[in-house]
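Based on what follows, work out the 3D shape:
(2 chains)
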Amino acid sequence: MKMKFKAIASIAVVALSTLMLGSCTADADSSGLEYMPDMYRSPAIEPYVDYGEIRGRENTEAKMKISSLVPPSGTVPYYGKDSSTVALMLPYFRKASIAFRETHGMYGADLTVTDEYTAAASDMNPLKITAENSEELLKSGKTLYTAYCQHCHGEKGDGNGPMVLSGAYVGVPNYTERAAKSDGQLFYSIYYGLNAMGGHSSQLNKKEIWTLVHYVRKFQNASYGTFGASGEAIAAPVAVDSLSVKK
Amino acid sequence: MLVFFAGTFTANAQGEALFKAKCASCHQPHKNGTGPKLFQVRQKWTDGGAKEGSIYQWVNNWQTAAAGDPYAQTVSTWSPTAMSAFPELKKEEIDAIFEYVDGVTDPAAAGAGGTDGAAGDVTGADPLEEEDSNGWMWIILSVIFVTIILAVGGVRRQLNFAANEAQGKDSMDHLTYAEELKAWAWKYKTYVGVSTLVVVIGLIVTLFLGLYSIGVVENYQPSQPIAFPHAIHTGVNGIDCKYCHSSVEKSKSAGIPSVNVCMNCHKQVNGRTPAQQEQIAKIYDAAGWDPSGAGKYTGKSKPIVWNKVHVLPDHVYFNHSQHVVVGGIDCKQCHGDMTKQVETPKVQTVGDLNKIEGNIPLTKPTLTMGWCIECHGAKEISTGSIDSKNNGYYNEIHKRLLNNDKSLYGKYLEDGKVTVNELGGWECAKCHY
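Here you go, the predicted structure:
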């Protein structure tokens, strides 16, 4: 009787500790044993989760093969029913030039035109800056600039960002001194990239880029976006550089 | 001699200014970029058989030079990106630029003594060790204590035996330790029963608390296909988290950057040390970028599979944009100070997170439910008026509280603050559905 109890007790202790220790693993790449894998991996696919192996069952078709992709070209996210927002967010009608295939990648993009950068000079900023939205627009522009541009172009747009100062990156132009590009060309450069700079269309949507176009205008003209008592714009028109034409 | 130096200095200063204003965004002295490297480019053109003076013509307008000189024609095929025309530059100015460029020493040849940006790694070993030695002290003390009790008990028993023997009784002699204990426990059964119950309940509670405190995922640091050092990118080079994790304000997940985002910088940045170059070469491999010569995309890209670090089971819903945009939480409050993360990312321990400025001190391990709940119970969505954060998100709930249940509203504002919990942050269905 006593022996039987002892045997049962020791088996129970061993079983319990095996179960507990089982969730610890020496494999540094394993986040531990999933006791209920169906509660860890949803039937609806979640991003960055590998569905290739669940509890020893291999599913090579569902195995994660790539972590991150740019959206397929031509896809349009849903932006609601407001027609002006939708018009603003529709895919950019200008194409990257053929040369971008070698210089900027753009795999899968429709690269048929030789030069749309020149033509982009005539594009107007669809996001109008007014006395009412000026403060808010420039504020969100500053937030975007801090996150997406400042490390190279510098807080004041002078090309002295922390990346340049640390010596990691060279040749960022000083945009406070240069003659400005037109709004459309600024947009084109941010969207597809220009020379050493890569395209940012996978990180920023069109509304955000047009907001940035407004914000960087302030580097060349400090009074940009300020309005008089009767609502007229105070800023003098920015001198636009029409020369810089690439094939 | 002095005059000579002064002369070269002013010429160089003019050349440097011109180079930085006109050329530097595409050309570097010793490294190919958008344009070819310019070190001793005049010599290169002469050696290549270019016509006398055609290089100056090229700078003024490359197309006229290419039309008149076969060598210039071959140069124009170097890269599909055409050079801008600079008709305003005079021959002396162009020479000044070239003089300046030829005078620049190659930083790569000067030795790889540059800052590699590896900030001193902060090890959290000290407090841990202290805790450990404390624990050992308790164990040693209790061992000594138990030994003393046993020794005293043994002596007492022997004395009892001796006393019994002297009195001529020998009944106790045959009792073993266990039998003696049994007799004693039976004698005081009420006390023994109650205290055993207390001890057992105490042990069970301690066991469960101990199990809860096991960090299932703390310090989880899976290997990554590329040894990405956050410390260099966001620490030394000051890149904002959102540049790469750009969906954090728009989506449930913060997003792992696609390789084109890496290439926005790494087209030009290819590493100072061989170890860095080896890692960056993996990006080139993935992006299909051939860095030789002018560098070009080949179209042969390869996928990268990063390993997920912060693994939440599917039955938990977590949304980054809600926490970052509405809650106004900074990345480092949950992910730690990535500007000091030299190695690949890991799940920070709650102890390390508590050291982050402005964080509410929490006790439960990172990424456990207790950790979430604890923060939701203490984190205020605002101090004072509910909409003081000015993002308008809470205005609607504010209005409903005012119109429907004033006593509840009064209770919320009793302590002058509204926590996430008070707005339903502890409701099961907020995260589990």
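
What are the boundaries of the strands in the chain?
You didn't say which chain, so I picked chain A. A:53-54, A:57-58, A:193-194, A:197-198 (DSSP state E).

think we crossed wires, I meant chain B
Taking DSSP E as the test, the strands found in chain B are B:289-290, B:296-297, B:380-383, B:417-419.

Could you pick out the longest helix of chain A?
Longest helix of chain A, by residue count under DSSP state H: helix A:2-22.

low pLDDT regions in chain A?
Within chain A, the stretches with pLDDT under 70 are A:1-3, A:19-28, A:55-56, A:107-108, A:178-180, A:229-247.

Nearest the middle, which residue of it would you pick?
Centrality entry for chain A: nearest residue to the mean C-alpha point is A:Q203, 1.5 Å, by CA atoms, centre = their mean.

could you check the distance from that residue over to A:I8?
Per CB to CB, to the nearest Å, A:Q203 is found 62 Å from A:I8. The way it works is simple: take the backbone N, C-alpha and C, and place the C-beta from them, glycine included.

can you check A:E136 too?
A:E136 sits 72 Å away from A:I8, going by CB to CB.

what does B:V104 give?
For B:V104 relative to A:I8 (CB to CB), the value is 82 Å.

And A:A196, by the same measure?
73 Å.

One more: B:K252?
49 Å.

These two: who's more crowded?
Per other CB atoms under 10 Å in any protein chain shown, whichever of B:K252 and A:I8 has more neighbours is B:K252, with 15 against 10.

which residues does the more buried one contact?
A:P47, B:F318, B:N319, B:H320, B:S321 (CB atoms under 8 Å, 6 or more residues apart in numbering or on different chains).

Out of those, which comes closest to B:P36?
The closest of the contacts of B:K252 to B:P36 turns out to be A:P47 (CB to CB; 41.3 Å).

How about the closest one, nearest residue that isn't a chain neighbour?
In space, and not counting its chain neighbours, A:P47 is closest to B:S253: 5.0 Å by CB to CB, 6 or more residues apart in numbering or on different chains.

A:Y48 and B:A254 touch, don't they?
No: the criterion here is CB atoms under 8 Å, and A:Y48 misses it with B:A254 at 9.9 Å.

which of the two has more neighbours?
Taking neighbours as other CB under 10 Å, A:Y48 and B:A254 compare with B:A254 leading, 22 against 18.

ok, which stretches of chain A are helices?
Along chain A, the stretches classed as helices by DSSP H are A:2-22, A:37-40, A:83-89, A:100-103, A:134-148, A:150-153, A:162-165, A:183-192, A:206-220.

Indicate whether the last one makes contact with chain B.
No: under the criterion of CB under 8 Å from any CB of the partner chain, helix A:206-220 makes no contact with chain B; the nearest approach is 9.7 Å.

chain center to that helix: distance?
Taking CA atoms, centre = their mean, to the nearest Å, one finds the center of helix A:206-220 at 16 Å from the center of the full chain.

Any regions of chain B where pLDDT drops low?
B:1-11, B:107-133, B:169-175, B:212-216, B:382-392, B:398-399, B:401-406, B:408-409, B:411-417.

longest single helix anywhere in it?
Max-length helix for chain B by DSSP H is helix B:125-167.

from what I can see B:N61 touches B:M83, true?
No: judged on CB under 8 Å, B:N61 makes no contact with B:M83 at a distance of 9.4 Å.

okay, those two: which has more neighbours?
B:M83 (21 against 15).
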